[in-house]
Structure formats: C-alpha cells, structure tokens
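Visitor: Following is a predicted model, sequence given first.
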Amino acid sequence: MRKKVIFKGIALPWLLLLPQLVITGVFFFWPAGQAIYGSFLREDAFGLSREFVGLENFRDVLADPNYLAAGWNTVVFSSSVAIGALGVALFLAVQADKAIRGADAYKTMLIWPYAVAPAVAAVLWLFMFHPQIGLFGKALNGIGIRWDYKVNGDQAMLLVIMAAAWKQVSYNFIFFLAGLQSIPRAVLEAAAIDGARPVRRFWTIIFPLLAPTSFFLLVVNIVYAFFDTFGTIHALTQGGPGQATSTLIYKVYVDGVQNLNFGASAAQSVILMAIVVALTAVQFRFVERKVHY
C-alpha cells in the first residue's frame, strides 16, 4: 500500500528540487542556449569579433559533403552499436540467468567493463587489433588477411563499432538480467509443462515481457552512440582514415576545436541535438505502442 506525502506549502518541494534544477540548468540548458546563440554568429578564431549571419552557418553545414558523409557514418555506426550491444547483452543475460555453477562470478565479470572509460576501452582494443603489435591484428595478418585499420576505412569502422558496443554491453546486461529475474518462474514452468521448448518460451514469453526494458535500452543506446562514443573514436582512429570514422559528434570537435570554426561547430551541435530529440520522440510515439507494460 502506497503512502502519499502531502506538503503544506510549495517552498519545501521547490527546495528539494532546487539542486537538480540548478545542475540541469547549468550543465544542460545554459550550454544548449549558448550553442543555439552561437549557431547564428560568425566569430574569428580568437573570439575578438562576431557577426550575426542568421541561418548561413546551417546552410554551409548542410551543403558540406564532409558533413553529409559524417551523417551517413553516424547512421551506420549508431545502428550497428545499438543492435550489437543489445543483442550480445541479451544473449549473455539469458545465459547468466540459468542455474549454472559460478553464475555469480560470471555476472560480476560481465558487469566490470562498464567501469572502463571510453578512451581506456579504445586503448584496449587498439592493443588487441593493432596491425604490428596487436595480438589479433598480427594473427589476422599471419593467416593471410590483410588487416590494417589505419589505412582501411571499412576495417576502422568495424573496429570502432566493436569497441563502442563492447563498452555498452555491460550496461545493457545489467538491465536485461534484472528484467529476466523479475519474470515469474511459474509462468516459464507452466509453458515448459505444456511442451514449449526453450526457444519458443523465449520468443513467446520472455522477450515480450522484456519489451519495456528493451525499449528503454534502445533509447539509451541510440543516445550513447551519438554522444558518448567520442572518446572511443578519438583514441582509436581520430576520425580516419580519410574521415571514414568521422561521426557527427566528432565533426563538431574537429570544426570547433581544431579548425576554430565556432559558428559551424555550434550549428552542427544544434542539428545533432535536434536529430537525437526527434529520434527519441519517434521512438516514444511509434515504438512504445508495441511495448506492453
């Protein structure tokens, strides 16, 4: 039975909300407002002069073939990372949920990679797949497969996808495992008694009951692939070779920090924010309809 809490005034509720509102305002709304404001300006590299140019930055960005190529890279990268991380995490969660010896140790080890920073995860994969010193990179070259992600764009994209997805698997694993453990065992046992095999039980009982968890993780993984993978890309490939792994978030960094084109960088960040908001809205509008809570 839930117990309602009734405040006698509005001062205490607002006081309790104040820390979160301050953090959200300082670290989200204020930078977002500055980015929107800066997207309408053209500044010199030293910030000594600025000129209002309206939507010219947006027109220049959308007409830039390098930006359009980065957009396509982002579509391939984000969809591959989300699908790969969700699929592997769900498989591992299903296996770890079984009654096997040492299951707790397996669960702990599968959660550990989540504590690794994106840049550190990238370095780990670099040492594994470096063509000269990497264990797997040297092995691939040794069996006749020419592996060098530093000159092959497809191999570079594959490497950053694997590194980014591996980093996110642990996060997804935690939620999938919690969702699996919340499913009543009596339901699965009744299905088994009726003759449903494990694969049929998964697709007809387990997977539908995991729909709320899967939907939540889908949104989180899309946002992760768009924003939180900068460190992985920067440490592994720096957007190369030939901008083959340059995504929208990395293009913002290149134009703003390296090229000092602040107006174009701000316009790109606004476009990226709008894309993520639109994708999230579409997911809640259409995908959530098929989710049963």
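Guide: Yes, it's here. Numbers count the residues shown, from 1 in each chain.

Visitor: Let me know the secondary structure of Ile133.
Guide: Per DSSP: H, G, I helix; E, B strand; the rest coil, the secondary structure class of Ile133 is coil.

Visitor: Assign the closest residue to it other than its chain neighbours to helix, strand or coil.
Guide: Spatial nearest neighbour of Ile133, excluding adjacent residues (CB to CB, 6 or more residues apart in numbering): Phe127 at 7.0 Å. All C-beta atoms are positioned from the backbone trio N, CA, C, and that covers glycine. Of the three states, Phe127 takes helix according to three-state DSSP.

Visitor: is it true that Phe127 touches Gly137?
Guide: No - judged on CB atoms under 8 Å, Phe127 makes no contact with Gly137 at a distance of 9.1 Å.

Visitor: out of these two, which sits in the busier spot?
Guide: Gly137 (22 against 13; other CB atoms under 10 Å).

Visitor: That one reaches Arg146, doesn't it?
Guide: No - the criterion here is CB under 8 Å, and Gly137 misses it with Arg146 at 10.7 Å.

Visitor: residues bridging contact with those two, i.e. touching both?
Guide: Here Gly137 and Arg146 share no contacting residue, scored by CB atoms under 8 Å, 6 or more residues apart in numbering.

Visitor: Next up, the contacts around the residue nearest to Ile133.
Guide: Contacts of Phe127 (CB under 8 Å, 6+ apart): Ile133, Gly134, Leu135.

Visitor: Please produce a ChimeraX select command covering the buried subset of the residues you listed.
Guide: Buried residues among the contacts of Phe127 (16 or more other CB atoms under 10 Å), as a ChimeraX selection:
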select :134
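
Visitor: ok, of the contacts of Phe127, which one's closest to Phe27?
Guide: The closest of the contacts of Phe127 to Phe27 turns out to be Gly134 (CB to CB; 37.4 Å).

Visitor: gap between the closest one and Val123?
Guide: With distances taken as CB to CB, to the nearest Å, Gly134 is found 11 Å from Val123.

Visitor: next one: Gln155
Guide: 18 Å.

Visitor: Please say which of those two ends up with more neighbours.
Guide: The neighbour comparison of Gln155 against Val123 (other CB under 10 Å) goes to Gln155, with 22 against 16.

Visitor: Cool, thanks, talk later.
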